[in-house]
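Student: Structure for the following, please:
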Amino acid sequence: MRLLRLLVTGCKQYGPGRLPYAYRQDVGAGYAMATATAVATTIFILLTQTVGISSIMSSWYSAYSGSLSEQVVNMSTTVPAGFVAGVIVWRVPPLRTWRGIPAGVAAMLLMYPVSALLDFAVVLPLKQVFFDSTTGLSPLESVLLLGWTPYYMLILGYAALTTTFWLTLPLGAIGGHIYEYAQTESTESR
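Tutor: Take a look at the predicted model:
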């Protein structure tokens with residue numbers, strides 16, 4: 001309980017509690033889930049860089065292998081996706097009954113499709129324009145490739161879920177619990 005109070009105090013003084021609109025329940029939850037996602041992404045990247053990718057998962061998940069900068073670019077959408085997922089879970093009326101641990105887990109599960117959508121809508125086009133200009137695809141082939149985007153998103157989301165759930169779901173549960181504890185503590189102190 002003491003550690004929980006210490007984390008809540010730290011978040012309010014130095015962390016997400018100081019960001020714009022953090023007093024709103026849905027936006028504050030978005031910040032909490034973005035923080036949990038940032039921690040999970042950082043831990044995952046550090047593990048795959050130090051331990052090696054084949055030690056953590058099957059070798060067919062080659063998207064996670066590569067240089068540190070490549071991994072950071074490939075996983076750059078997870079934090080914004082965590083924010084969006086947190087806002088959605090705490091804002092959508094049927095989901096408002098979920099609080100704390102279940103809401104944190106639900107937000108982390110929702111983070112995967114949101115992140116895959118952001119990857120295909122933002123990161124991959126930017127990577128093609130700035131880094132992969134030698135792909136040899138004509139503009140027509142690129143447009144036809146967009147038709148397969150939902151399938152690629154499904155595969156990407158599934159691969160990300162199966163490789164990182166052991167880390168993201170517990171951290172989402174912890175983040176949801178800390179956030180709800182902070183909410184009830186601030187309500188009681190008023």
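Student: From the contact counts, what lies against the top helix by length along the chain?
Tutor: The longest helix of the chain (DSSP state H) is helix 149-189. For helix 149-189, the packing partners by 3 or more C-beta pairs under 8 Å, 6 or more residues apart in numbering; DSSP states H and E come out as helix 2-13, helix 25-50, helix 101-118. (Each C-beta comes from the backbone N, C-alpha and C, glycine too.)
Student: what does the average pLDDT come to for the longest one?
Tutor: It refers to helix 25-50. Averaged across helix 25-50, the pLDDT comes to 87.
Student: what does stretch 177-184 give?
Tutor: 84.
Student: CA atoms of that stretch as CSV?
Tutor: Taking Å, rounded to 0.1, in the frame of the first residue of the first chain, the C-alpha atoms of stretch 177-184 are listed here in CSV:
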residue,chain,number,x,y,z
HIS,A,177,-5.1,-0.3,-10.6
ILE,A,178,-2.7,2.6,-9.9
TYR,A,179,-4.9,5.0,-11.9
GLU,A,180,-8.1,4.0,-10.1
TYR,A,181,-6.4,4.1,-6.7
ALA,A,182,-5.2,7.7,-7.6
GLN,A,183,-8.7,8.6,-8.6
THR,A,184,-10.3,7.3,-5.4
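Student: and it, which residues are buried?
Tutor: For stretch 177-184, a neighbour-count test (16 or more other C-beta atoms under 10 Å) marks 177, 178, 179, 180, 181, 182, 183 as buried.
Student: ok, now stretch 149-160?
Tutor: 149, 153, 156, 157, 159, 160.
Student: out of the buried residues of stretch 177-184, who's nearest residue 110?
Tutor: residue 179 (15.3 Å; C-beta to C-beta).
Student: Give me the distance between that closest one and residue 71.
Tutor: The gap separating residue 179 from residue 71 is 27 Å, by C-beta to C-beta, to the nearest Å.
Student: Residue 112 now?
Tutor: 17 Å.
Student: continuing past the lowest-mean-pLDDT helix or strand in the chain, what's the next helix or strand?
Tutor: Lowest mean confidence among the helices and strands of the chain (mean pLDDT, DSSP states H and E): helix 53-56, at a mean of 53. Following helix 53-56 in sequence order, the next helix or strand is helix 68-74 (DSSP states H and E).
Student: what's the spacing between the helix or strand just after that following helix and its chain's center?
Tutor: The first helix or strand that comes after helix 68-74 along the chain, using DSSP H and E, is helix 78-91. Between the centre of helix 78-91 and the centre of its chain there are 8 Å (C-alpha atoms, centre = their mean, to the nearest Å).
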